[in-house]
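1. My questions concern the predicted model and sequence given below.
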Number of protein chains: 2
Amino acid sequence: MLETDKYQYMAEVIKAMAHSSRLLILDKLREREYCVCELQELIGADMSTVSRHLAVLRNAGIIDSRKHNNQVFYSLLCPCVLDIFSCVMEVRKQNGRGLK
Amino acid sequence: MLETDKYQYMAEVIKAMAHSSRLLILDKLREREYCVCELQELIGADMSTVSRHLAVLRNAGIIDSRKHNNQVFYSLLCPCVLDIFSCVMEVRKQNGRGLK
DNA sequence: TGGCTATTTGGCAAAATTGACAATTAGCGC
DNA sequence: GCGCTAATTGTCAATTTTGCCAAATAGCCA
């Protein structure tokens, strides 16, 4: 894999996480599976919007989906994604004051 | 800090990393400080573009800058950021086939 | 001081992201 | 089959991001 492609690929995955609603989704999925309608409640956006956020995460290979009756349940494929949470919080501690 | 604000803040930091050029910069800075013109060589974009990428990372509190003569050297503030590299590569291994 | 190099900033156009509404698909139970 | 719920997809406007050129700023050295 070319260096350039490596960064390109990584950027795709990271970009998939770079949204507050999608981070909320990932944080929730650390406990258990959630269906779209539950996530919609938590996020408070249109269901179509939530569905698109989920598609972004799924296309990036971060989460997986499974159908049960007429619901779709999403689950975390790579729990390591959550390491990023603590890392980001360390960034925050480091520079104390949040974003400039 | 409200949950909502937490995800918002985290998204800002992650968004700052979500670009192939900025990932290349972070990867380079793991070895040592670099000045803007060195990074420009590596990235191959206009210097003004590189300078803006650096500003994004600095505003997110991920890197720091120091002036020496008429050059500006950038360095990594939070090396933990690099944990994300291995995590993303694990995502890639997990789903094998890169992005769909 | 003036010229030179390194860097940042203003402005702008092209591209990508976001989020809503409406329409469609899929699976349930009657 | 029908109606109902859950979810996805089409379309589109608003916003944000990206990257270049040109102009401005800052620090060197003669």
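-> Thanks, I have the structure now. The structure presented is a predicted model; accordingly, all values stated were derived computationally and were not measured.
2. Up against DNA strand D, what does chain A have?
-> Residues of chain A found near DNA strand D (Cβ under 7 Å from any atom of the strand) are A:35-37, A:40, A:47-48, A:51-52, A:54-55, A:65, A:70-73. To be clear about C-beta, it is placed using only N, CA and C from the backbone, and glycine gets the same treatment.
3. what two of these are the furthest from one another?
-> A:52 and A:70 (19.3 Å; Cβ to Cβ).
4. can you tell me which of the residues of chain A next to DNA strand D are in strands?
-> Among these, the members falling in strands are A:35, A:65, A:71, A:72, A:73 (criterion: DSSP state E).
5. Name the nearest of those residues relative to residue A:81.
-> Nearest to residue A:81 among those is residue A:65, at 16.0 Å by Cβ to Cβ.
6. and the closest one, how many neighbours does it have?
-> Burial measure for residue A:65: 15 neighbouring residues, criterion other Cβ atoms under 10 Å in any protein chain shown.
7. Quick check: the gap between the nearest residue to residue A:46 once chain neighbours are set aside and residue A:86.
-> Spatial nearest neighbour of residue A:46, excluding adjacent residues (Cβ to Cβ, 6 or more residues apart in numbering or on different chains): residue A:40 at 7.8 Å. Per Cβ to Cβ, to the nearest Å, residue A:40 is found 27 Å from residue A:86.
8. Tell me the helices and strands packed up against the lowest-mean-pLDDT helix or strand in chain A.
-> Within chain A, no helix or strand scores below helix A:83-94, which has a mean of 87 by mean pLDDT, DSSP states H and E. When contacts are defined as 3 or more Cβ pairs under 8 Å, 6 or more residues apart in numbering or on different chains; DSSP states H and E, helix A:83-94 packs onto helix B:3-17, helix B:83-94.
9. looking at those helices, which is buried most?
-> helix B:3-17 (a mean of 19; mean count of other Cβ atoms under 10 Å in any protein chain shown).
10. Show me the shaky parts of chain A.
-> A:96-100 (pLDDT under 70).
11. where does it come near DNA strand C, residue by residue?
-> Counting by Cβ under 7 Å from any atom of the strand, chain A sits next to DNA strand C at A:15, A:18-19, A:21, A:45-46, A:48-49, A:52-53, A:56, A:67, A:69-70.
12. For PyMOL, what selects the buried ones among those?
-> In PyMOL syntax, the buried subset of these is picked out as below (16 or more other Cβ atoms under 10 Å in any protein chain shown):
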select buried, chain A and resi 15+18+19+21+53+56
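13. and the residues of chain A next to DNA strand C, which of them are in helices?
-> The members of the residues of chain A next to DNA strand C that map onto helices under DSSP state H are A:15, A:21, A:48, A:49, A:52, A:53, A:56.
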